[in-house]
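In: Everything below, folded, please.
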Amino acid sequence: MKFFRAALFLFFVFAASGVFAQSSAELKRRRDKLTEELEQLNREYQETASNKKVSLKQLNILKAQINLREEKITNINSEVRNLNNQISESNNTVHSLQNQLDQLKKEYAGMVLFAYRNQSAYNKLMFIFAAKDFNQAYRRLKYLQQFGTYRERQAGYIQGTQKDLHVKIVELDKDKKQKNDLLQSQEKEKEELGKAKNNQVKVIVDLSKHQGELKQQQRDVQKRIARNNKEIVNTIKREIEEARRKAEAEAREAARIAAAKAKAENREVVAPTKKAITKSSTNSEILNSTPEAAKLSNSFLGNKGRLPWPVATGQLVHGFGTYNDADGIRNDNAGYEIRTSTGAPVRSVFDGTVSRVQDIAGAYLVIISHGEYFTAYQNLKSVNVAVGQKVATKQTIGTVALDPSTGDATTIFTLSKGTTFVDPRLWLAPN
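Out: Here you go, the predicted structure:
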């Protein structure tokens with residue numbers, strides 16, 4: 001029973017280690033990805049730094065570096081926390097295995113001593129013949145036979161426990177070394193973070209010398225974004241009105257056919273079971289007035305939190321909501337501003353139909369409807385879809401253009417339910 005309890009304890013320890021390993025693997029993958037992105041940003045920053053004229057692109061790269069380094073430090077903290085838990089569990093396991101080994105050795109020593117005292121055949125025979133009856137003599141004979149087998153098994157338990165103890169000690173040493181390496185890496189990241197923040201201050205000071213020009217650039221960017229957002233809302237309104245007219249026309253035609261059929265059969269007209277679209281119908285009712293649209297809306301909603309990003313790789317520059325830029329200009333972001341590589345393909349995040357393709361100030365805007373939901377993709381250099389075309393999830397719809405004010409390859413992704421913009425963070429899968 002003692003061995004069974006010990007084995008059960010070890011089972012739960014190793015099971016917990018499996019969960020830890022999985023979590024650690026995910027954290028390591030994320031850390032490696034952050035390191036790769038930081039190296040890419042560093043190469044781009046070196047390219048921009050060779051230009052004597054400080055630009056918004058340098059500032060944006062520094063911002064992205066700071067965000068990624070802070071995330072990487074947080075990621076390392078999580079890894080260290082996991083390792084601390086694992087080290088604590090390993091220490092407990094080592095102590096438990098050591099106690100178990102000591103107990104097994106003590107019991108085995110007792111058996112060896114007993115076997116030594118009763119090693120002669122004469123003593124064994126005397127032990128058997130001293131029995132009160134035949135049944136007791138038989139049991140004593142079986143006991144002597146099983147005693148040898150049990151002693152061999154006990155020796156096997158000792159060897160197995162020693163092996164488990166050695167493995168656990170090796171794992172413990174490995175975890176301690178890994179923790180030490182992570183702490184050194186964390187200190188290095190903190191040092192680099194400090195440098196990036198200092199560089200950011202210098203760049204902001206240099207940029208302030210050209211504040212008027214930069215503010216005008218920012219205003220131009222915001223005007224273009226506002227124009228795009230207005231176009232998105234107007235497109236959705238047109239979609240709603242078109243869906244309303246179509247639904248009303250279908251309802252009138254259905255009523256006419258029903259009335260004609262009732263008149264021919266000399267009976268009263270039966271009221272339609274389906275709710276008719278009227279002036280008071282909501283946008284959701286109008287956009288989901290057909291079975292196909294309702295099914296697509298439900299499917300889109302069912303993938304909330306799992307939608308792919310509009311670009312395969314990229315960093316979030318600005319999220320949903322209000323923010324102030326380096327020059328103190330207040331901006332309202334209706335979606336995600338994503339920085340990616342030059343010429344990167346932009347893809348649809350879900351199945352749908354292209355509602356709008358518009359060239360605005362030299363950059364394309366593409367709007368895709370997904371039932372009552374709409375996604376929009378701004379600042380595209382080229383497009384390879386047309387209005388009315390069906391698109392699939394992750395299908396390329398165009399390529400990203402360079403932002404004229406910063407020189408960055410950025411796209412703005414918005415998601416709306418009807419005419420109301422919603423936060424993409426709640427819908428997109430973790431990047």
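
In: Which elements pack onto the helix or strand containing residue 81?
Out: Taking DSSP states H and E as the criterion, residue 81 maps to helix 56-117. Judged by 3 or more C-beta pairs under 8 Å, 6 or more residues apart in numbering; DSSP states H and E, helix 56-117 is in contact with helix 2-49, helix 134-208, strand 315-318. C-betas here are computed from N, CA, C, even on glycine.

In: from the middle of its chain, how far away would the helix or strand encompassing residue 240 be?
Out: In this assignment (DSSP H and E), residue 240 forms part of helix 211-264. The chain centroid and the centroid of helix 211-264 are separated by 34 Å under C-alpha atoms, centre = their mean, to the nearest Å.

In: tell me what it is packed against?
Out: Counting contacts by 3+ C-beta pairs under 8 Å, 6+ apart, helix 211-264 is packed against helix 283-287, strand 330-333, strand 352-360, strand 363-370, strand 373-383, strand 409-417.

In: got the angle for it vs helix 56-117?
Out: For helix 211-264 against helix 56-117, the angle by axes from the mean of the first three to the mean of the last three C-alpha atoms, to 10 degrees is 80 degrees.

In: quick one, helix 211-264 and strand 409-417 angle?
Out: If you take the same axes, to 10 degrees, helix 211-264 sits at 40 degrees to strand 409-417.

In: quick check: angle from helix 211-264 to strand 363-370?
Out: Using the same axes, to 10 degrees: helix 211-264 against strand 363-370 is 30 degrees.

In: any idea of the pLDDT on the residue nearest to residue 429 when sequence neighbours are not counted?
Out: Among residues not flanking residue 429 along the chain, residue 306 sits closest, at 5.2 Å (C-beta to C-beta, 6 or more residues apart in numbering). We have a pLDDT of 93 for residue 306.

In: what about residue 306, how many neighbours?
Out: 11 (other C-beta atoms under 10 Å).

In: any idea how far it is from residue 193?
Out: As judged by C-beta to C-beta, to the nearest Å, residue 306 and residue 193 stand 32 Å apart.

In: doesn't residue 377 make contact with residue 385?
Out: No: using C-beta atoms under 8 Å, residue 385 makes no contact with residue 377, being 10.1 Å away.

In: Quickly list what's touching both of the two.
Out: The contact sets of residue 385 and residue 377 overlap at 366, 397, 398 (C-beta atoms under 8 Å, 6 or more residues apart in numbering).

In: any idea how far residue 283 is from the last one?
Out: So that's residue 398. From residue 398 to residue 283 the distance is 27 Å (C-beta to C-beta).

In: which of those two has more neighbours?
Out: Counted by other C-beta under 10 Å, residue 398 and residue 283 do not tie: residue 398 has more neighbours, with 21 against 18.

In: what about the more buried one, is that helix, strand or coil?
Out: Of the three states, residue 398 takes strand under DSSP: H, G, I helix; E, B strand; the rest coil.

In: contacting residues around it?
Out: 345, 346, 364, 366, 377, 380, 381, 382, 383, 384, 385.

In: try residue 87
Out: Contacts of residue 87 (C-beta under 8 Å, 6+ apart): 172, 175, 176, 179.

In: Please tell me how far the closest residue to the third one other than its chain neighbours sits from residue 79.
Out: This means residue 176. Counting by C-beta to C-beta, 6+ apart, residue 87 is the residue found nearest to residue 176 once chain neighbours are left out, at 6.4 Å. The spacing between residue 87 and residue 79, counted by C-beta to C-beta, is 12 Å.

In: same question, residue 103
Out: Distance from residue 103 to residue 79, by C-beta to C-beta: 36 Å.

In: So for the two, which residue has more residues nearby?
Out: Remark: of residue 103 and residue 79, residue 79 carries more neighbours, 21 against 14, as counted by other C-beta under 10 Å.

In: how close does the closest residue in space to the more buried one that isn't next to it in sequence sit to residue 83?
Out: Among residues not flanking residue 79 along the chain, residue 27 sits closest, at 4.8 Å (C-beta to C-beta, 6+ apart). Residue 27 sits 10 Å away from residue 83, going by C-beta to C-beta.

In: residues contacting residue 25?
Out: By C-beta under 8 Å, 6+ apart, residue 25 has no neighbours at all.

In: how close does it get to residue 72?
Out: Taken as C-beta to C-beta, the span from residue 25 to residue 72 is 17 Å.

In: Look at residue 93 and say how many residues are nearby.
Out: Residue 93 has 23 nearby residues by other C-beta under 10 Å.

In: looking at the protein, which helix or strand does the model trust least?
Out: helix 121-129 (a mean of 52; mean pLDDT, DSSP states H and E).

In: Wait, the residue nearest to residue 79 touches residue 80, no?
Out: No: between residue 27 and residue 80 there is no contact under C-beta under 8 Å: 9.9 Å.

In: Tell me how many other residues surround residue 90.
Out: 22.

In: Just give the nearest non-adjacent residue to it, would you?
Out: residue 172 (4.3 Å).

In: For burial, what's the neighbour tally of that neighbour?
Out: 17.

In: now swap in residue 257 and tell me
Out: 10.

In: mind giving me the domain ranges of the chain?
Out: Domain assignment for the chain by automatic domain parsing gives 2-208, 303-426.

In: what's the span of the last one from first residue to last?
Out: The first and final residues of domain 303-426 sit 11 Å from each other (C-alpha to C-alpha, to the nearest Å).

In: so residue 344 touches residue 311, yeah?
Out: Yes: under the criterion of C-beta under 8 Å, residue 344 makes contact with residue 311 at 5.3 Å.

In: Need the overlap of contacts for those two.
Out: Counting by C-beta under 8 Å, 6+ apart, the residues touching both residue 344 and residue 311 are residue 400.

In: Run the chain-centre distance for stretch 25-40.
Out: Distance, centroid of stretch 25-40 to centroid of chain: 13 Å (C-alpha atoms, centre = their mean).

In: Mind listing what's buried along it?
Out: 27, 30, 31, 34, 37, 38, 40 (16 or more other C-beta atoms under 10 Å).

In: Make TSV out of those residues and add pLDDT.
Out: Below are the buried residues of stretch 25-40 laid out as TSV (pLDDT from 0 to 100):
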residue	pLDDT
27	83
30	83
31	84
34	83
37	82
38	82
40	79
